[in-house]
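Enquirer: Show me how the following folds:
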Amino acid sequence: MVSVAGRAAASRDGHPPPDEVVVQRFYDRMRAVAPAAVGAIERDRAGDPGRAFGDTACGRLLRSLDHDGARALGMWVHHWCMRFYDDDTRAALRLLREIASRPALGWTADEVHWMLRESHTAGSAAAARFTLPLAAAAELAPGTLRIGAVI
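Expert: From the prediction side, this is the model:
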């Protein structure tokens with residue numbers, strides 16, 4: 001799994017790249033949920049878009065996860081949407097918004113920093129690029145997030 005920015009681009013933005021070990025842990029966690037996420041999104045793309053979220057494949061998947069799994073799923077779907085924002089991402093964006101609306105998932109500053117970097121790199125074509133990172137950032141203690149160090 002490669003970032004929108006790529007690892008080399010992280011150092012060109014004037015800020016130090018994120019710690020490789022931390023980022024690798026993110027990718028490992030995202031890989032664990034990716035197969036189920038892809039399957040759920042594909043089933044929902046083919047299904048009835050008017051169905052209540054809880055009755056969708058994505059809704060069932062999210063309901064089955066603990067907080068760590070929900071954060072990993074959120075990071076994966078955020079990453080996926082940033083890479084494929086020109087594809088049919090309605091089901092994924094619905095999942096992203098649902099995760100963003102869930103309080104107290106225990107987001108870490110490193111997770112938020114990573115998502116903000118991905119969002120910044122994606123550019124304005126990805127309209128929902130800040131939905132999840134800003135919701136996650138709202139959970140952090142004041143002063144935890146150093147915006148200048150992110151974007």
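Enquirer: which residues of this protein score low on pLDDT?
Expert: Low-confidence segments of the chain, defined by pLDDT under 70: 1-16, 85-87, 146-151.
Enquirer: at 50 what do you get?
Expert: Applying pLDDT under 50 to the chain flags the ranges 1-13, 151.
Enquirer: what about the helices in it?
Expert: 6-12, 20-46, 57-63, 67-83, 90-100, 109-122, 131-137 (DSSP state H).
Enquirer: and W80, how far is that from A122?
Expert: To A122, W80 is 11 Å away according to Cβ to Cβ, to the nearest Å. In short, each C-beta sits where N, CA and C put it, glycine included.
Enquirer: returning to that earlier point: what's the closest of the helices of the chain to T144?
Expert: T144 lies closest, by Cβ to Cβ, to one member of the helices of the chain: helix 109-122, at 5.0 Å.
Enquirer: I41 is in contact with R90, isn't it?
Expert: No - checked against Cβ atoms under 8 Å, the pair I41 and R90 is beyond contact range at 9.5 Å.
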